[in-house]
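K.L.:
Everything below, folded, please.
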Amino acid sequence: MNWILKKFEELTPFELYAILQLRNAIFVVEQNCVYQDLDNKDLKSYHLMGYEKNLLVAYTRILPAGISYVESSIGRVVVLQAARKNGTGKKLMQKSIENLFSLFGKMPIKIGAQLYLQKFYESLGFQQTSNVYLEDGIEHIEMLLTP
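P.N.:
Next up is the predicted model:
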């Protein structure tokens, strides 16, 4: 896996297209969730891309504190369906956490996690901090990783 981390303004048009294509494939098509993906947070984020053989298969956006939450955050976590069940998701989150700490220092990380992924995020050290809530018709919980 080839990992690339860039600020929004450093993304090439091809990288941005691949990111939006992957996010749409997972969030809109696979999860059948029609929502406004482009929320202006991308502009203030770092973008972690995981490529296999020139194909974007894993992605997160890393947000500084004060954008989504008071804490720093990792969002838009996606892994191409064909790249799942082999540890890619865990490696993606580990790389995201490592990069966030490198960028902003070791600080708490808050995420809005889809409820069905709770055990996955707990395996990375995140703990539930909210009740279940609906976001775009999908059950979510807020979770916090405290270094």
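K.L.:
in what helix or strand does residue 85 lie?
P.N.:
Using DSSP states H and E, residue 85 sits within no helix or strand.
K.L.:
from the chain's centre, how far out does the lowest-mean-pLDDT helix or strand in the chain sit?
P.N.:
The helix or strand of the chain with the lowest confidence, counting by mean pLDDT, DSSP states H and E, is strand 133-135 at a mean of 91. Centroid separation for strand 133-135 versus its chain: 17 Å, with Cα atoms, centre = their mean, to the nearest Å.
K.L.:
partners of it in the sheet?
P.N.:
Applying DSSP bridges, strand 133-135 is found paired with strand 138-145 (antiparallel).
K.L.:
Report the contact partners of the residue nearest in space to the middle of the chain.
P.N.:
When Cα atoms, centre = their mean is applied to the chain, the residue found nearest the centroid is residue 77 (2.7 Å). Residue 77 makes contacts with 59, 60, 89, 92, 93, 96, 111, as judged by Cβ atoms under 8 Å, 6 or more residues apart in numbering. From N, CA and C alone the C-beta is placed, and that goes for glycine too.
K.L.:
From residue 44, how far out is it?
P.N.:
Look at residue 77 and residue 44: by Cβ to Cβ, to the nearest Å, they are 17 Å apart.
K.L.:
Please apply the same query to residue 88.
P.N.:
Residue 88 is 26 Å from residue 44, by Cβ to Cβ.
K.L.:
More neighbours: the two, which one.
P.N.:
A count of neighbours by other Cβ atoms under 10 Å puts residue 88 above the other of residue 88 and residue 44, at 18 against 14.
K.L.:
I figured that one was touching residue 56, is that so?
P.N.:
No. Contact between residue 88 and residue 56 fails when scored by Cβ atoms under 8 Å: they sit 11.8 Å apart.
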